[in-house]
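Novice: here is my input, please return the structure:
(4 chains)
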Number of protein chains: 4
Amino acid sequence: MLKGYTLPRTPAGTSSLSLAPPWHYVGNALAVEFDAEPSTVASFLPDGLEPESGRCCAYFAEWQYASDDGEEYLDPVRSQYRETILLVAARHAGEPVAYCPFIFVDQDVSLMRGLVQGWPKQIGSTWVTRAYDLPSRAAPVLGPGGKFGATLSVKERRLVEARITLAEMTDTLPSPSFARAVNVRHLPDLAAGRHDIPTVHELVQLKSRDVAISPIWKGTAALEFFDHPYLELPALRPRAVHAGYRFTFCFTVDDLVHLRDLRK
Amino acid sequence: MLKGYTLPRTPAGTSSLSLAPPWHYVGNALAVEFDAEPSTVASFLPDGLEPESGRCCAYFAEWQYASDDGEEYLDPVRSQYRETILLVAARHAGEPVAYCPFIFVDQDVSLMRGLVQGWPKQIGSTWVTRAYDLPSRAAPVLGPGGKFGATLSVKERRLVEARITLAEMTDTLPSPSFARAVNVRHLPDLAAGRHDIPTVHELVQLKSRDVAISPIWKGTAALEFFDHPYLELPALRPRAVHAGYRFTFCFTVDDLVHLRDLRK
Amino acid sequence: MLKGYTLPRTPAGTSSLSLAPPWHYVGNALAVEFDAEPSTVASFLPDGLEPESGRCCAYFAEWQYASDDGEEYLDPVRSQYRETILLVAARHAGEPVAYCPFIFVDQDVSLMRGLVQGWPKQIGSTWVTRAYDLPSRAAPVLGPGGKFGATLSVKERRLVEARITLAEMTDTLPSPSFARAVNVRHLPDLAAGRHDIPTVHELVQLKSRDVAISPIWKGTAALEFFDHPYLELPALRPRAVHAGYRFTFCFTVDDLVHLRDLRK
Amino acid sequence: MLKGYTLPRTPAGTSSLSLAPPWHYVGNALAVEFDAEPSTVASFLPDGLEPESGRCCAYFAEWQYASDDGEEYLDPVRSQYRETILLVAARHAGEPVAYCPFIFVDQDVSLMRGLVQGWPKQIGSTWVTRAYDLPSRAAPVLGPGGKFGATLSVKERRLVEARITLAEMTDTLPSPSFARAVNVRHLPDLAAGRHDIPTVHELVQLKSRDVAISPIWKGTAALEFFDHPYLELPALRPRAVHAGYRFTFCFTVDDLVHLRDLRK
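Specialist: Sure, this is the predicted structure:
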C-alpha cells in the first residue's frame, strides 16, 4: 500500500512532493493594481468565466509554509518560497471573481501544490524589498515614504518590475483578490490522437480559512512588463497603474469547490 | 478559445509550461546497475505491478530537448536539463517492466512533461562528468580506464554519488531499462473529504519512437545513497553494485498506453 | 581613465562588482554560541593572533544592503543575500578579538566586498526561519517558545544545521562578536616559482559605524556540523552548545585598520 | 601554520576556495568576432595598453577543470562551469594583445582563480547549445548547417544572445584570442582616506601551456547585446558581426608575467 498525497507515492508516504493538506501559509506581499486592455483580459479567460473589465492586480510575496504536523519552517529550504501572481477581474455566474493567467514560484513543492489547485504555476524568480525592525539606509521604513521594489524573472529574462511608495494605511485589500480566485485544473493526455482531449479540465473555486491580515499600507506605484519571446504576459501590460500595497497575510488551505467540468 | 497543452493556457498558446508533443530528446547518460533488498523494492510497487527481484538501475543524464517546430536548443536554458532516474524491476501481466520510484530534474518544463507521463518528478540537482573530444587532465577518456562520476542533491542535501570506470564496449543496455517503463499518473483532489480519492490514478505504459543509441561503454561501478530525513530513496540503497555504463541516446515521445484505472 | 572600486573597472565606473564604500547593511540574525576543541581552534589561527579558548559562535543572517547613493534594495537581487559566519575567540596584542575561519554567502557582490576586508568568503546557501508580524502555524512567534532553524549547504552538501528555541530577552550580544573581527587579507601570486609568496598577506582589524541593535532574544540551541570531504569546518564541530540568539542589526562599513604585514 | 593558496587558509589546506596551480581546463566554446565602436573600445583600456581597433570577440564556453592531484571532475559540481568572455583588441609595447573588459562565470572557484589572474569576473549565467554524438532533432550537427546558440544573463537580466550557423572548417582561431590576454590585477584598500589608492593595481600578461585545439568549425553569426541599467557591456555592442566559431580546447595555467605596477 503506497501512501502520499502527490507523486512520488511510497511505503511511508513522507516522500511526496506535496504533503497532504491542510497547508498553512504566511507571507509579506506587495501588490499593484492596474488596468490592462479589457479585450485582451477577456481573451485570457477560460470557458465558464465572463469578462468583467480590464482591472488586474500583480502580487509579489515572500512566503513561509508549514503542513499540519510538520514544522517545515525549521528546515526553511522546505518552507520558504517567493511568488509573483497576476490576477484579472472576471465574473462567474454573475459574481465577481479573480482569474490567474500567470503565476511564478521558485520551489517545486509550491508548484505541485499549485497544480492541484489549478494555479498555472511555472518556476520564476521573484525578489521583494524587505522592511526590517530597525531604521537603516539599507531598508525602507514601513510607513509614509517607504519605497519598496519587486521583480520577476523567468528563465533568466527580467519580465516585471514594480515600485511602490507607501503613503497611508487603508482598510481595503487590493482587488482583484485571492479570496475570489477561480482556476482551471488541467491534465492533458499523452495517448496518440488524444493530445487535445485533456484527462482533467475543470473550473474550480479556491477556498481558504483562518485568514488574518496585518495593517495594510497603500501608496503610489509603478509597474512595467518587459517583452518576452514566448510568454504572453506582456499582452497584459498596464495601460494605467493605480495604487500599490504592502501587507502581511496568513491563511490555511484544505478545500476547493468543483464548479464545472469543461470537457463538455 | 485558450490554447496550450498544459497550464498556463493562453490566447496564442505559446506560454504553456510544456508545449504539445512530440518531444525530441538526446542525452549523455551514466548508469549503474545494482541490487536493493527485494522485499523493499516490492514495497515500492504500485497496484497492478508484481515484484520481480531486487534489481535496480540508477541513471544520470544531461539532456537537450526540442519540440517539433521549435529549436529550443538555440536558447538552451529552455532545452537543457539534468536528470537522475531510479528504475526497479517489476512485472506487469507477467511481462518484465521497469518502475520508477524516484526521479529528479532541474527544470520546470521537464517536471511538467514528466507529470503528464506519470514520472514522479521532483526538482533535484544532478551533475555528470563530461568527456571531451580532446585528451586532457581535466576529463576522462571515453574508453578503457576512463573514470566518470555523477551526483544527486535534493533540497541542498547530497543524496547519491556514483563512480564508473569504463573497461570495454558492450551491445547490451543497462537493465531495468526506460524502454519498458510503467508509471502511475496521479492527480489528487483538494475538495474537503476527498483528499484520498484522487482525480487521476492510473497505470500507464510509456512509449518512445525513433530511438538511437551510441556505442555503449561498460565497466565497474560504485554507488552510494546517503541518509535523508524524509525522502525514502535510501531504503533502496545498494546491497550489491554491478556494472556501470556510459552511452548517448536519443528518442521521441508522443504516445502512452493507458493500462488500468487504479481508482477501482 | 577607468573608474571602479573593484574589477571590472570601466569608463563610467558603474559596472564594478562592488561599488565603493560606505556599505550599509541591515539583517535578521540567528546565532549559536558553542565550544569547539581549544587546540583545534588554535590550529586555525593565523600568525599574529594568539589562542584564547575553544569558544565559537555561528551566525546565520538574511541581509539587505545599500550603497550611499544607491537604493539597491529596490532591485533586491542586487541587495539581498544570506550568510553563514563562523567566529572563534582569539587574542591580538593581549586583547580579545574574533577570527573567522569560514564564511559563506550567496551573492558575488557580497563575496567581493568580503575579500576586500579579508573575509574568507565562499559561495554557500544559507536558510533562516523567518518571523512574521502575524501569528501563524507557518511561522514561530518572536518570543518565548518561538522555534527558529538555520541551515548551511555548500556545493550541494548540507554542512550545518542549527535550531534555537527563544526563552527570554537579554542585553548581551553573542560572543565572539563581529565588533571585534580580525581578518587576513590575502592575494596569492601566480608567477612561476612564487605560488607561495603572496602579493598581499596582512592582518587587518575590521571597523563598523552607526551600529544599531534590536531587542535581543535568547534561548536554548542545538547545532550540528556534518562531515565534508574537503572543507575543514567539521573539525570545529561543537563539543558543547550554549545559548542561541535572534536579533536584528544594522551598521555601516567604510574603514579598516591595517595591523600587520604577515609576509615577514 | 595555515595552508592554502587562497582564502580560507586552514590547517590541512584543503578548504581554500582555489587550490594551488597548475589548473587544467578543457572546454567546448562558441565564439563570435565583431566590431564595436573603436573609440568606445579605447575608452575601456587600462593604463599601459594602447588602442588597436574596434575588433572584439565574445566567447561562450562549457568548462571542466581539474587540479594536479585532484580528479575534481568526478564530483563535477567542483569542476564544471560555464563562462562568457568578452575580449577586445589592444596593443602593449607595440605588440597586439587582448584585453577583457567583462567576464562572467557561474562558480565561485572559477571566480577566485580569475581574480588571482586579473580577470574581472562576476557571477553570470551562460548557456551554450551542445552537440551530441548521435543525429537528433534535439541537437545540431557539428558540421555544415549546424546551428548553435549561446546566452548570457546577469542578475536575472538577459544581456547577450548569440547564434552561429556552421559552414566549414578552418585552421584559424578567432581573434582577439585568449593566448594574448593582458589583465589588470586589482585589490582596493578599505582604510578610510585610501579607497582610491589600491593595494594591488598591476598589468599582467597571462600564460598557458599544453594547449591543444580540436578541429575548428566556422560560419555565420548573429550577436545581440541588450540594454542594462548599470553594466556597461552594451556600450560595446556590435556595429558589425563577423564570423562565428565552434571548437574544443584544453590548456594548463600555472604562470603569469608581471608587466607593470600601475600605481605609479
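Novice: what about the residue of the stretch 1-150 of chain A found nearest chain D, how many residues nearby?
Specialist: In the stretch 1-150 of chain A, no residue comes nearer to chain D than A:Ser125, which is 5.8 Å away by Cβ to the nearest Cβ. Where you see a C-beta, it was placed from the backbone N, CA and C, and this is true even at glycine. Neighbours of A:Ser125 under the rule other Cβ atoms under 10 Å in any protein chain shown: 19.
Novice: do the same with A:Ser177
Specialist: As a burial measure, A:Ser177 scores 17 neighbours (other Cβ under 10 Å).
Novice: so what's the residue lying closest to it once chain neighbours are set aside bridging to?
Specialist: Spatially, and ignoring its direct neighbours in sequence, A:Ser177 is nearest to A:Ala98 (6.0 Å; Cβ to Cβ, 6 or more residues apart in numbering or on different chains). Per DSSP bridges, the residues bridged to A:Ala98 are A:Ala89, A:Ala181.
Novice: and A:Ala98, what pLDDT?
Specialist: On the pLDDT scale, A:Ala98 is placed at 98.
Novice: which ones are touching it?
Specialist: Counting by Cβ atoms under 8 Å, 6 or more residues apart in numbering or on different chains, A:Ala98 makes contact with A:Cys57, A:Leu87, A:Val88, A:Ala89, A:Ala90, A:Pro176, A:Ser177, A:Phe178, A:Ala179, A:Arg180, A:Ala181, A:Val182.
Novice: change it to 7 Å
Specialist: With contacts defined as Cβ atoms under 7 Å, 6 or more residues apart in numbering or on different chains, the neighbours of A:Ala98 are A:Leu87, A:Ala89, A:Pro176, A:Ser177, A:Phe178, A:Arg180, A:Ala181.
Novice: same check, this time on A:Ala29
Specialist: Counting by Cβ under 7 Å, 6+ apart, A:Ala29 touches A:Tyr59, A:Phe60, A:Ala61, A:Phe247, A:Phe249.
Novice: hang on, the earlier thing: now the residue nearest to A:Ser177: how far from A:Lys218?
Specialist: Applying Cβ to Cβ, to the nearest Å, the value for A:Ala98 to A:Lys218 is 19 Å.
Novice: so for the top helix by length along chain A, mean pLDDT?
Specialist: For chain A, the helix reaching the highest residue count under DSSP state H is reported as helix A:108-117. Taken as a whole, helix A:108-117 has an average pLDDT of 98.
Novice: again with stretch A:76-95
Specialist: When pLDDT is averaged over stretch A:76-95, the result is 98.
Novice: can I get the CA coordinates of it in PDB?
Specialist: Output in PDB follows, covering the C-alpha atoms of stretch A:76-95 (Å, rounded to 0.1, in the frame of the first residue of the first chain):
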ATOM      1  CA  PRO A  76      13.500  26.600   5.700                       C
ATOM      2  CA  VAL A  77      14.500  25.400   2.200                       C
ATOM      3  CA  ARG A  78      11.400  23.200   2.500                       C
ATOM      4  CA  SER A  79       9.200  26.000   3.600                       C
ATOM      5  CA  GLN A  80      10.100  29.400   2.100                       C
ATOM      6  CA  TYR A  81       9.400  30.500  -1.400                       C
ATOM      7  CA  ARG A  82       8.700  33.600  -3.400                       C
ATOM      8  CA  GLU A  83       5.900  34.100  -5.800                       C
ATOM      9  CA  THR A  84       4.500  36.500  -8.400                       C
ATOM     10  CA  ILE A  85       0.800  36.300  -9.100                       C
ATOM     11  CA  LEU A  86      -1.200  38.100 -11.700                       C
ATOM     12  CA  LEU A  87      -4.900  38.200 -11.200                       C
ATOM     13  CA  VAL A  88      -7.500  39.700 -13.600                       C
ATOM     14  CA  ALA A  89     -11.100  40.600 -12.800                       C
ATOM     15  CA  ALA A  90     -13.800  38.300 -14.200                       C
ATOM     16  CA  ARG A  91     -17.300  37.100 -13.400                       C
ATOM     17  CA  HIS A  92     -18.700  33.600 -12.700                       C
ATOM     18  CA  ALA A  93     -22.400  33.100 -12.700                       C
ATOM     19  CA  GLY A  94     -22.700  36.900 -12.400                       C
ATOM     20  CA  GLU A  95     -20.500  37.200  -9.300                       C
END
